[in-house]
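A.B. asks: turn this into a structure:
(one chain, ligands or ions: 1)
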Amino acid sequence: MRDRHCRMPGCRRRAGRCDIDHAVAHADGGATACWNLCCLCRRHHRIKTFARGWRFELLADGRLLVRTPSGVSRVTRPPSWTWDPEPDPPWLEEEAPADRAAR
Ligand SMILES: [Zn+2]
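C.D. replies: This next block holds a predicted model:
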């Protein structure tokens, strides 16, 4: 409900197609609670889990801080329910084909 799409900066894969990731791993004592969960698509979930040098930190207010191995930091905020200024990037076309009955 909060995230609506993958929280990786620039990624817009819809939440229904994402993994629910524990910001602090469950194995490390991270709770399965909203304040410790965020949506990441499978690609970005794997980067967070397996790639070296990446850091993801879910802040108390829901912002996600992502640090790349080269030191670049980006923050994403949970999207607004009323207005979302970021357009979908063209490489993430996920729309289902139009319903033939609606034509
Ligand atoms: Zn993603």
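A.B. asks: near the ion, which residues of the protein?
C.D. replies: Those residues of the chain that sit near the ion, judged by C-beta under 5 Å from the ion, are 6, 8, 11, 13, 41, 44. (Glycine included, C-beta is placed from N, CA and C.)
A.B. asks: how far away is the second one from Asp21?
C.D. replies: Computed with C-beta to C-beta, to the nearest Å, the distance linking Met8 and Asp21 is 10 Å.
A.B. asks: out of the residues of the chain next to the ion, grab the one that's most surrounded.
C.D. replies: The most crowded member of the residues of the chain next to the ion, judged by other C-beta atoms under 10 Å, is Cys6 (26 neighbours).
A.B. asks: dump the residue contacts of that one.
C.D. replies: If you count contacts by C-beta atoms under 8 Å, 6 or more residues apart in numbering, Cys6 has them with 12-13, 15, 18, 39-41, 44.
A.B. asks: could these go into CSV alongside secondary structure, pLDDT and distance to Arg63?
C.D. replies: CSV is the format used below for those (DSSP: H, G, I helix; E, B strand; the rest coil; pLDDT from 0 to 100; distance: C-beta to C-beta, whole Å):
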residue, secondary structure, pLDDT, distance to Arg63
Arg12, coil, 90, 17
Arg13, coil, 92, 19
Ala15, helix, 90, 17
Cys18, coil, 94, 17
Cys39, strand, 94, 14
Leu40, strand, 95, 15
Cys41, coil, 95, 18
His44, helix, 95, 16
